[in-house]
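Trainee: Turn this into a structure:
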Amino acid sequence: MSSIAVTGSASGTGVVSLLAPITNTNRTLTLPDATGTVLSTATAGVPVNGPAFSALQGSQAVNSVTFTKLACATEEFDTNSNYDSATNYRFTPTVAGYYQVNGQYYLNSTSGGCITVVYKNGFAAKYGSFSVANSYGAASNVSALIYLNGSTDYVELYTYQNTGSTVTGSGSYFQASMVRSAV
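Mentor: The predicted model follows:
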């Protein structure tokens, strides 16, 4: 039978306490059969509860042959209140790190095509797929891993369509979640 040995640090003077949660249910913590470090919310690089959001676009007119910011105003969730769904339609996380950013533009037209782009700090950073319309329309997706500094960096979702006329559509979305902290 294996056992757990708790060994104190020869030079440290602090006290480490293991506290059991308030529960009426038996719980088992299984340790791996490997040498390593236990991760916690204080472990560098581990985003245990990093910011995340998801927002949907309502009806919006998108002009032809110009980049247009998508107004994804309906929040599905915003875990840290970092997405502005009222005025700027941008995500400005307050925790520095690497973020998975996703977006989609649905082109409600049977002609032309569209592309979706993630802008960082006002400039095109990552281009998505160019999608050509068919009898159902077209959907362009973008997905990118982007570093955001946690104070001034922000991302926005733009689209470009070339139907030759203004297209009003809905069904697009914009999302981001922290993958790893900057440390």
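Trainee: Point to the helix or strand of this structure where mean pLDDT is at its lowest.
Mentor: Across the helices and strands of the chain, mean confidence by mean pLDDT, DSSP states H and E is lowest for strand 167-169: a mean of 89.
Trainee: Tell me the helices and strands packed up against that one.
Mentor: Secondary-structure packing of strand 167-169 (3 or more C-beta pairs under 8 Å, 6 or more residues apart in numbering; DSSP states H and E): strand 60-62, strand 97-107. (Each C-beta comes from the backbone N, C-alpha and C, glycine too.)
Trainee: repeat that for 10 Å
Mentor: Secondary-structure packing of strand 167-169 (3 or more C-beta pairs under 10 Å, 6 or more residues apart in numbering; DSSP states H and E): strand 60-62, strand 97-107, strand 155-161.
Trainee: Pairing partners for the second one, with directions?
Mentor: It stands for strand 97-107. Strand pairing for strand 97-107, determined by DSSP bridges: strand 138-148 (antiparallel), strand 173-181 (antiparallel).
Trainee: buried residues in that strand?
Mentor: Residues of strand 97-107 classed as buried by neighbour count (16 or more other C-beta atoms under 10 Å): Gly97, Tyr98, Tyr99, Val101, Asn102, Gly103, Gln104, Tyr105, Tyr106, Leu107.
Trainee: and that strand, how far from the chain's centre?
Mentor: For strand 97-107, the separation from the chain centroid amounts to 7 Å (computed by C-alpha atoms, centre = their mean, to the nearest Å).
Trainee: pLDDT of it, averaged?
Mentor: Strand 97-107 shows a mean pLDDT of 96.
Trainee: Over to the shortest one?
Mentor: The average pLDDT within strand 60-62 is 95.
Trainee: cool, and the last one?
Mentor: Averaging the model's pLDDT scores along strand 155-161 yields 97.
Trainee: Just the CA coordinates for it, please, in PDB.
Mentor: Once non-C-alpha atoms are left out, strand 155-161 reads as follows in PDB (Å, rounded to 0.1, in the frame of the first residue of the first chain):
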ATOM      1  CA  VAL A 155     -10.000  43.100 -30.500                       C
ATOM      2  CA  GLU A 156     -12.900  43.800 -32.800                       C
ATOM      3  CA  LEU A 157     -14.600  41.900 -35.600                       C
ATOM      4  CA  TYR A 158     -14.900  43.300 -39.100                       C
ATOM      5  CA  THR A 159     -16.300  41.900 -42.400                       C
ATOM      6  CA  TYR A 160     -16.000  42.800 -46.100                       C
ATOM      7  CA  GLN A 161     -18.500  41.800 -48.700                       C
END
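Trainee: any idea how far Asn49 lies from Ser129?
Mentor: 32 Å (C-beta to C-beta, to the nearest Å).
Trainee: Could you work out which of the helices and strands packed on strand 167-169 reaches nearest to Val179?
Mentor: Val179 lies closest to strand 97-107 among these, at 5.0 Å (C-beta to C-beta).
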